[in-house]
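# A structural model of the following input is requested.
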Amino acid sequence: MKKRVLGMALGAGMAMSLIAGSMSVCAQENNEISVGVTVMTLANTIWAETCTAIENDCQEKGWECTIVDCKSTAETQITQVENFIQKGVDAIVINPTDQAALELVMKQAMEKGIKVLSWDIDTEAADCCLLVSNYDVGYEIGTQAANWINEKLGGEAEVCILDYPEAGAEVIKRADGIKAAIEEKSPDAKIVAQVSHQGSADGGMQAMENVLQAHPNTRVVCSVGDGGAMGANEALKAAGISGDEAGIFSADGTEEFLSKIAAGEPCKMSVLLDVPEDKADIITGTVEKLLNGEDVEQYLYTNVQVIDESNLNEFYTAD
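Numbering: from 1, shown residues only. Got it, this is the predicted structure:
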């Protein structure tokens, strides 16, 4: 179970209802407020957990909440937002898969009087943007990896960066930060591959398998998110590489990743980007303020926390 700031993991039933159906509508008693949520992909654990928490918050408020998964396809997400506009929702929470492609329809929603909150993407086509300082997060991932390389591997290592450029400019910034920190803080380390994990554990596993075939001495992985990192962890283990030999450094702070740190597997560190429940509270609380006509800052930033073996017991304990 998690301690302190980490919230509940996705229940199996809820995960299946969200991911398999790609849509979930809260049963509620008060139909006055309707919120549409469109997310890049529910295959990403942290986004799926946050959507579950948003749904729970809306249910508690008596709001109708519709959650849809665009499966990282801009055209699908545009249609989803158009459907929300046609339905006449009061607010749209959007995790844009392609900022440039989505801005027009987001502005159209705002012109209709619909409140728009952008989740993770900086855009003027929203009443408020909930952001992560992605370059800084990436730089922290790279710094932690470089420190481990210098301490454990004598400063020399073959490194793989698992990125996710399909997710847009902000995630690209995170990968840029990783690369900059590795090059600056562990200059004798060699980045031998930078490949997409496609936003999922399966994608991360396949990508890491391919990297190990081309570069069998790769022992350090820096991932822009825990989803891909979990796949890389399984690929390293399948190749007979233990946690003493390899290190994976990531972001999201998911319970699954933390459990691998506790088990002594290659997973070594993750940057927690707010707890899903906390992020959901910020999202629904901000939407409520917008709907009530209250002043809301244009930019809100999520809290970050490095979690590794040294402070793991503050955030995670096994059942």
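# Enumerate residues external to the strand or helix carrying residue 144 that contact any of its residues.
According to DSSP states H and E, residue 144 maps onto helix 134-152. The contact list for helix 134-152, computed with Cβ atoms under 8 Å, 6 or more residues apart in numbering, reads 155-157, 159, 170-171, 173-182, 184-186, 189, 220, 222-224, 247, 249-251, 268-269, 271, 273, 304, 306, 308. Quick note: C-beta positions are derived from backbone N, CA and C, even for glycine.
# Using CSV, list the CA coordinates for stretch 266-277.
Below are the C-alpha coordinates for stretch 266-277, written out as CSV (Å, rounded to 0.1, in the frame of the first residue of the first chain):
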residue,chain,number,x,y,z
PRO,A,266,16.6,-2.1,-12.1
CYS,A,267,14.1,0.7,-11.3
LYS,A,268,16.0,3.1,-9.2
MET,A,269,14.3,6.5,-9.1
SER,A,270,11.1,8.3,-10.2
VAL,A,271,10.1,11.9,-10.0
LEU,A,272,6.6,12.1,-8.5
LEU,A,273,4.5,14.6,-10.5
ASP,A,274,1.7,15.1,-8.0
VAL,A,275,-0.5,12.3,-6.8
PRO,A,276,-3.4,11.5,-9.2
GLU,A,277,-5.9,12.3,-6.5
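# Use 666 as the first number for this chain going forward.
Done: numbering now begins at 666, and the last item shifts to stretch 931-942.
# mind listing what's buried in that stretch?
Across stretch 931-942, burial judged by 16 or more other Cβ atoms under 10 Å covers 931-942.
# For the stretch 766-915 of the chain, which segments count as helices?
According to DSSP state H, counting those that start in this stretch, the stretch 766-915 of the chain carries its helices in the segments 799-817, 834-850, 866-879, 891-903.
# Pipe those into JSON lines and attach mean pLDDT, mean neighbour count and distance to residue 925 per row.
Below are the helices of the stretch 766-915 of the chain laid out as JSON lines (pLDDT from 0 to 100; neighbours: other Cβ atoms under 10 Å; distance: least, Cβ to Cβ, whole Å):
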{"stretch": "helix 799-817", "mean pLDDT": "97", "mean neighbour count": "21", "distance to residue 925": "15"}
{"stretch": "helix 834-850", "mean pLDDT": "95", "mean neighbour count": "20", "distance to residue 925": "19"}
{"stretch": "helix 866-879", "mean pLDDT": "97", "mean neighbour count": "19", "distance to residue 925": "12"}
{"stretch": "helix 891-903", "mean pLDDT": "97", "mean neighbour count": "25", "distance to residue 925": "6"}
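# mind checking how far stretch 767-781 is from the chain centre?
24 Å (Cα atoms, centre = their mean, to the nearest Å).
# counting contacts, what elements does the host helix or strand of residue 748 pack onto?
Counting by DSSP H and E, the element that carries residue 748 is helix 739-752. Under the contact criterion of 3 or more Cβ pairs under 8 Å, 6 or more residues apart in numbering; DSSP states H and E, helix 739-752 touches strand 699-704, strand 729-734, strand 756-759, helix 764-776.
# Please state the offset of that helix from the chain centre?
Centroid separation for helix 739-752 versus its chain: 22 Å, with Cα atoms, centre = their mean.
# Just want the angle from it to strand 699-704.
Orientation of helix 739-752 against strand 699-704 (axes from the mean of the first three to the mean of the last three Cα atoms, to 10 degrees) gives an angle of 180 degrees.
# Report the buried residues of helix 739-752.
So for helix 739-752, counting by 16+ other Cβ under 10 Å, buried means 739, 742-743, 745-746, 749-750.
# what angle sits between that helix and helix 764-776?
Orientation check (the same axes, to 10 degrees): helix 739-752 against helix 764-776 gives 0 degrees.
# Residue 701 is in contact with residue 758, correct?
Yes - counting by Cβ atoms under 8 Å, residue 701 is a contact partner of residue 758 at 7.3 Å.
# Between those two, which is the more surrounded one?
Set residue 758 next to residue 701 and count neighbours by other Cβ atoms under 10 Å: residue 758 wins out with 30 against 24.
# Now do the same contact list for that one.
Residue 758 is in contact with 700-703, 719, 782, 784, 948, 952, counting by Cβ under 8 Å, 6+ apart.
# One more pass at 6 Å, please.
702, 782, 784, 948 (Cβ atoms under 6 Å, 6 or more residues apart in numbering).
# No more questions from me, cheers.
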